[in-house]
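Student: Requesting a structural model of the entry that follows:
(one chain, ligands or ions: 1)
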Amino acid sequence: MSYQLLKGKRGIIFGALDENSIAWKTAERVHEEGGTFVLTNAPVALRMGQIDALAEKTGAKVIAADATNLYDLQELVEKSIEILGGKLDFVLHSIGMSVNVRKGRHYTDQKYDFTTKGWDVSAVSFHKLMQTLYQKEAMNAWGSIVGLTYMAAQRTFPDYNDMADNKAYLESIARSFGYFFGQKSQVRVNTISQSPTMTTAGKGVKGFDGFINYAEKMAPLGNASALDCANYTISLFSDLTKMVTMQNLFHDGGFSKVGVSQEVVDMFENH
Ligand SMILES: NC(=O)c1ccc[n+]([C@@H]2O[C@H](COP(=O)([O-])OP(=O)(O)OC[C@H]3O[C@@H](n4cnc5c(N)ncnc54)[C@H](O)[C@@H]3O)[C@@H](O)[C@H]2O)c1
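Tutor: The predicted model follows:
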């Protein structure tokens, strides 16, 4: 269903790797809602992923950018404004990667150059992106910037590894930059704390099947899908949420507020 909530709005979408990606679904929904955008991902992801199919479907241009590289970000922002014909109204940061997770290093046995790399990609890149947008005055007033996070920033999930720390840092950057961006140019910055979702990044977490099924049984509404997340992001990009900023917004079917569900209690009852 389309409400044309983003008609006339321009933006950049980071992180669409394949059709399971949260950013992929978001790009499709932004297109349906009348927004125009540039798609971007790391050069290696552009080679391995299927972004061209998405670009064709949504009429978007694709620009390669490593989100940890300031030069790439500057080029991306400048070219996007040129291609789209004006300053930006929305930006989605949908990026995450832990080298420790990828290489199977336990949280208590991290290799710190892996830790630093994952932190740079998953958290500091959000600051680098916003600093680039801020210094170039690339955002229109009342624009909206969204980053994606997970509740492991607040509560411990053993297999989430150093991504938990990265997400805590990411959420803090959203608050801190949200202050300065709001004051300077009425730009909003929020993070969405999404349910576990079957994507390439999600499946990288050890024991993900158990994890996602558990969340499904705990949340009164069940897990939010990637499409649900895309829809929520549309609302944050729209003018209907103008006064929401510096928030970490749980989008998890209620999971984060439940102590235990009856379904889970029943599983532990002695019959
Ligand atoms: N899948 C889940 O369970 C879940 C839950 C909550 C939050 N999230 C978050 O949602 C976001 C999107 O992840 P997803 O689940 O759609 O998985 P995904 O694997 O489809 O997307 C992650 C993206 O990050 C990109 N990326 C990695 N390094 C990069 C770099 N240096 N520069 C630019 N891009 C880079 C990848 O190419 C990929 O497109 C991430 O921040 C993730 O942590 C995911």
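Student: so residue 190, which of the three states?
Tutor: When classified by DSSP: H, G, I helix; E, B strand; the rest coil, residue 190 comes out as strand.
Student: partners of it in the sheet?
Tutor: residue 146 (DSSP bridges).
Student: Now do the contacts for it.
Tutor: 144-147, 174, 178, 236, 244-249 (CB atoms under 8 Å, 6 or more residues apart in numbering). C-beta: built from backbone N, CA, C; applies to glycine.
Student: Flag every residue of the stretch 151-271 of the chain that's near the ligand.
Tutor: Residues of the stretch 151-271 of the chain lying close to the ligand (CB under 6 Å from any ligand atom) are 194, 196-197, 199-202.
Student: out of those, which are inside helices?
Tutor: 200-202 (DSSP state H).
Student: just to revisit the earlier point, mark which of the contacts of residue 190 are part of strands, please.
Tutor: 144-147, 248-249 (DSSP state E).
Student: Nearest to the ligand among those residues?
Tutor: residue 147 (7.1 Å; CB to the nearest ligand atom).
Student: one step back: and the residues of the stretch 151-271 of the chain next to the ligand, which two are furthest apart?
Tutor: Using CB to CB, the two most remote members of these are 194 and 200, lying 14.5 Å apart.
Student: which of the two has more neighbours?
Tutor: Applying other CB atoms under 10 Å to residue 194 and residue 200 shows that residue 194 carries more neighbours, namely 26 against 15.
Student: isn't that one right next to residue 146, touching?
Tutor: No: the pair formed by residue 194 and residue 146 falls short of the contact definition of CB atoms under 8 Å, at 10.8 Å.
Student: Would you format the contacts of residue 190 as TSV with pLDDT included?
Tutor: Output for the contacts of residue 190, formatted as TSV (pLDDT from 0 to 100):
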residue	pLDDT
144	99
145	99
146	99
147	99
174	98
178	98
236	98
244	98
245	99
246	98
247	98
248	98
249	98
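Student: Produce a PyMOL select command limited to the buried residues of those.
Tutor: Command for PyMOL that selects the buried part of these, burial taken from 16 or more other CB atoms under 10 Å:
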select buried, resi 144+145+146+147+174+178+236+245+246+247+248+249
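Student: buried ones in the longest helix along the chain?
Tutor: Selection of the longest helix in the chain by residue count, based on DSSP H, yields helix 163-185. For helix 163-185, the buried set under the neighbour-count rule, 16+ other CB under 10 Å, comprises 163-167, 169-174, 177-178, 181, 185.
Student: packing partners for it?
Tutor: helix 112-119, helix 125-135, strand 139-149, strand 188-194, strand 248-251 (3 or more CB pairs under 8 Å, 6 or more residues apart in numbering; DSSP states H and E).
Student: where do the helices sit along the stretch 1-150 of the chain?
Tutor: 22-32, 43-48, 51-58, 70-84, 99-102, 112-119, 125-135 (DSSP state H, counting those that start in this stretch).
Student: Let me have those in a markdown table, extended by mean neighbour count and mean pLDDT.
Tutor: Formatted as a markdown table, the helices of the stretch 1-150 of the chain follow (neighbours: other CB atoms under 10 Å; pLDDT from 0 to 100):
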| stretch | mean neighbour count | mean pLDDT |
| --- | --- | --- |
| helix 22-32 | 24 | 98 |
| helix 43-48 | 14 | 92 |
| helix 51-58 | 16 | 97 |
| helix 70-84 | 17 | 98 |
| helix 99-102 | 18 | 96 |
| helix 112-119 | 16 | 98 |
| helix 125-135 | 20 | 99 |
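Student: now those in JSON lines, with distance to residue 12?
Tutor: Output for those, formatted as JSON lines (distance: least, CB to CB, whole Å):
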{"stretch": "helix 22-32", "distance to residue 12": "11"}
{"stretch": "helix 43-48", "distance to residue 12": "15"}
{"stretch": "helix 51-58", "distance to residue 12": "13"}
{"stretch": "helix 70-84", "distance to residue 12": "5"}
{"stretch": "helix 99-102", "distance to residue 12": "25"}
{"stretch": "helix 112-119", "distance to residue 12": "22"}
{"stretch": "helix 125-135", "distance to residue 12": "9"}
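Student: and the ones you listed as TSV, adding distance to the ligand?
Tutor: Below are the helices of the stretch 1-150 of the chain laid out as TSV (distance: least, CB to the nearest ligand atom, whole Å):
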stretch	distance to the ligand
helix 22-32	4
helix 43-48	3
helix 51-58	9
helix 70-84	8
helix 99-102	10
helix 112-119	9
helix 125-135	6
